[in-house]
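Trainee: Got a predicted structure here, sequence first:
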Amino acid sequence: MMAIGTAAKAAARRLALASTQQKNAALDAIAEAIRASAGSILEANAEDLADARRQGMAGSFIDRLTLTPARIAAMAEGVAVVRDLDDPVGTVIAAWDRPNGLHFERVRVPLGVIGVIYESRPNVTADAGALALKAGNAVILRGGSDSFRSSRAIHAAIVAGLEAAGLPAAAVSLVPTRDRAAVGLMLQGLGGTIDVIVPRGGKSLVARVQTEARVPVFAHLDGNCHVYVHAGADLAMAEAIAVNAKMRRTGVCGAAETLLVDRAVAATHLKPLVAALIAAGCAVRGDAAARAADPRIEAAGEADWATEFLDAIIAVKVVDGLDAAIAHIERYGSHHTDAIVTADAAAAERFMAEVDSAIVLHNASTQFADGGEFGFGAEIGIATGKMHARGPVGVEQLTSFKYRVRGSGQLRP
């Protein structure tokens, strides 16, 4: 592990000075290598899936782990999209002159070495590698033990692409062991070689990272996301958004976990909303007011309001207006992604101003909580903290800045 950290640090110094053309050539080569390696990646993934099924893993977990030819093609295309993004390194964010003649510039620079610890999603291997590379960083990846073979196959394609472009293989390193002790060593910083840690996984992983890390962390907490159907909501739009937000992919962090329905429209909107969710295959747990609308709704317990189900389950609550909806989200939400459905522009503006989440939406599905949908090409995760990065962590968020000051012999009196 220490050797991996040392090699990554050396690679980071080279990448920080690499031209946009060099990085883009490497990303081109990586995308092609992933496409060419689709067969071996699928074989490795089949072994991981067989293990997961033998262990009785949930369907939502299996979905996150599964790779298909289409998903591998999308992974390669994601790398190509990152290639086409503007290179943030060297961008002058601000510039000004002082009365003494000094010229100041704030300039984007790479972070250095990024440690990414993730679970189950093997595509993160390619996403994180591509984003870090474009931003001039080296990255050390520690995938989940459940996706070990899949991540290793994807990483082999990334290394082939890096070497074809003349960049160091250590620019994207994969921890070669399932041993959990490797995570502890990364959290300690590998002797000062890791500059930031990005966790992407469940509550227990993120809690461990936040507790043990000795380097800065981009926190990615669970996605307890809400859809609030306001009194001014169009029913057809609310149905479409609620079903998409919950059921498009139930295992992603942007999936809606709670539906809040304004009491003012409960008589007209609640029953069809619940019926649409049940028809889509979703189990519904609700408060007394919700259960009165449909006998198929199970009783919701206190824990359900704070649960990230990551499955075809949703909690439904009737709330007394906008203030109550905002208060519920503040109490139970995870500050990830929350949406309001309404034709009332003033209510929407209040919701978007007062809900303290990384992403707030008006009349759109919470499933848009994705770096690709933001135009970032991909993401390493959705940061729910407030320091440095918040929301989708893409290329720009993987940079810091420094100040360049140019003078002509000035001395401070």
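Mentor: Looks like it came in fine.

Trainee: how about residue 334, phi and psi?
Mentor: As for residue 334, its main-chain torsions (degrees, to the nearest 10) stand at phi -110, psi 10.

Trainee: residues touching it, list them.
Mentor: Applying C-beta atoms under 8 Å, 6 or more residues apart in numbering, we find residue 334 in contact with 221, 222, 223, 224, 225, 308, 384. Placement of C-beta: from N, CA and C, glycine included.

Trainee: Look at the closest residue to residue 399 other than its chain neighbours and give its secondary structure.
Mentor: Leaving aside its sequence neighbours, residue 399 sits nearest to residue 108 (C-beta to C-beta, 6 or more residues apart in numbering; 4.5 Å). Put simply, residue 108 is strand when judged by DSSP: H, G, I helix; E, B strand; the rest coil.

Trainee: again with residue 379
Mentor: coil.

Trainee: Could you report the separation of it from residue 402?
Mentor: 25 Å (C-beta to C-beta, to the nearest Å).

Trainee: Look at these two and report which has more neighbours.
Mentor: Between residue 379 and residue 402, residue 379 has the larger neighbour count (other C-beta atoms under 10 Å), namely 27 against 9.

Trainee: just checking, the more buried one touches residue 392?
Mentor: Yes - with contact defined as C-beta atoms under 8 Å, residue 379 counts as touching residue 392 (4.2 Å).

Trainee: Overlap in contacts, the two.
Mentor: With C-beta under 8 Å, 6+ apart, residue 379 and residue 392 have common neighbours 370, 371.

Trainee: The stretch 251-400 of the chain: helices as residue ranges?
Mentor: Per DSSP state H, counting those that start in this stretch, the stretch 251-400 of the chain carries helices over the ranges 271-279, 288-293, 321-332, 345-354.

Trainee: Pull the residues that contact the last one.
Mentor: So that's helix 345-354. 228, 230, 231, 232, 322, 325, 326, 340, 342, 360, 362, 363.

Trainee: And residue 270, what's its pLDDT?
Mentor: pLDDT for residue 270: 98.

Trainee: sorry, back to before: thinking the residue nearest to residue 399 is in contact with residue 90, fair?
Mentor: Yes - using C-beta under 8 Å, residue 108 is in contact with residue 90, at 6.6 Å.

Trainee: And the two? Which one has more around it.
Mentor: residue 108 (20 against 12).

Trainee: and the nearest residue to residue 374 once chain neighbours are set aside, bridged to which residues?
Mentor: Residue nearest to residue 374 in three dimensions, not counting chain neighbours: residue 392, with 5.2 Å by C-beta to C-beta, 6+ apart. With DSSP bridges as the criterion, residue 392 is bridged to residue 382.

Trainee: you'd agree residue 392 is up against residue 384?
Mentor: No - Residue 392 is beyond contact range of residue 384, at 11.1 Å (criterion: C-beta under 8 Å).

Trainee: Name the SS class of residue 228, please.
Mentor: Here residue 228 is strand, with the state taken from three-state DSSP.

Trainee: Next one: it from residue 258, what distance?
Mentor: Residue 228 is 9 Å from residue 258, by C-beta to C-beta.

Trainee: cool, residue 57 as well?
Mentor: As judged by C-beta to C-beta, residue 57 and residue 258 stand 25 Å apart.

Trainee: Surely residue 330 is in contact with residue 356?
Mentor: Yes - look at residue 330 against residue 356 with C-beta under 8 Å: they come within range, at 6.8 Å.

Trainee: how about stretch 195-211: buried residues?
Mentor: Residues of stretch 195-211 classed as buried: 195, 196, 197, 198, 199, 200, 201, 205, 206, 208, 209 (neighbour count, 16 or more other C-beta atoms under 10 Å).

Trainee: again with stretch 398-410
Mentor: Across stretch 398-410, burial judged by 16+ other C-beta under 10 Å covers 398, 399.

Trainee: which outside residues touch that stretch?
Mentor: With C-beta under 8 Å, 6+ apart, stretch 398-410 has contacts from 88-89, 93, 100-111, 114, 131-132, 135-137, 380, 388.

Trainee: Within the helices and strands, which one has residue 155?
Mentor: helix 148-164 (DSSP states H and E).

Trainee: before we move on, the earlier item: which residues does the residue nearest to residue 374 contact?
Mentor: By C-beta under 8 Å, 6+ apart, the contact list for residue 392 reads 369, 370, 371, 374, 376, 379, 381, 382, 383.

Trainee: Tell me the buried residues within those residues.
Mentor: By 16+ other C-beta under 10 Å, those give 369, 370, 371, 376, 379, 381, 382, 383 as buried.

Trainee: quick one on the thing from earlier: from the contacts of residue 392, pick the one nearest residue 5.
Mentor: residue 381 (21.2 Å; C-beta to C-beta).

Trainee: thought that closest one was touching residue 199?
Mentor: Yes - contact criterion C-beta under 8 Å: residue 381 and residue 199 qualify, at 7.5 Å.

Trainee: shared neighbours, these two?
Mentor: Residues within reach of residue 381 and of residue 199 at once, by C-beta under 8 Å, 6+ apart, are 118, 218, 220.

Trainee: Can you pull out the residues in contact with stretch 28-39?
Mentor: The contact list for stretch 28-39, computed with C-beta under 8 Å, 6+ apart, reads 41, 69, 72-73, 75-77, 79-80, 83, 126, 129-130, 133, 153-154, 156-158, 160-162, 164-165.

Trainee: Could you do stretch 50-65 as well?
Mentor: Contacts of stretch 50-65 (C-beta under 8 Å, 6+ apart): 45, 48-49, 120-122, 146-147, 150, 249-252, 310-311.
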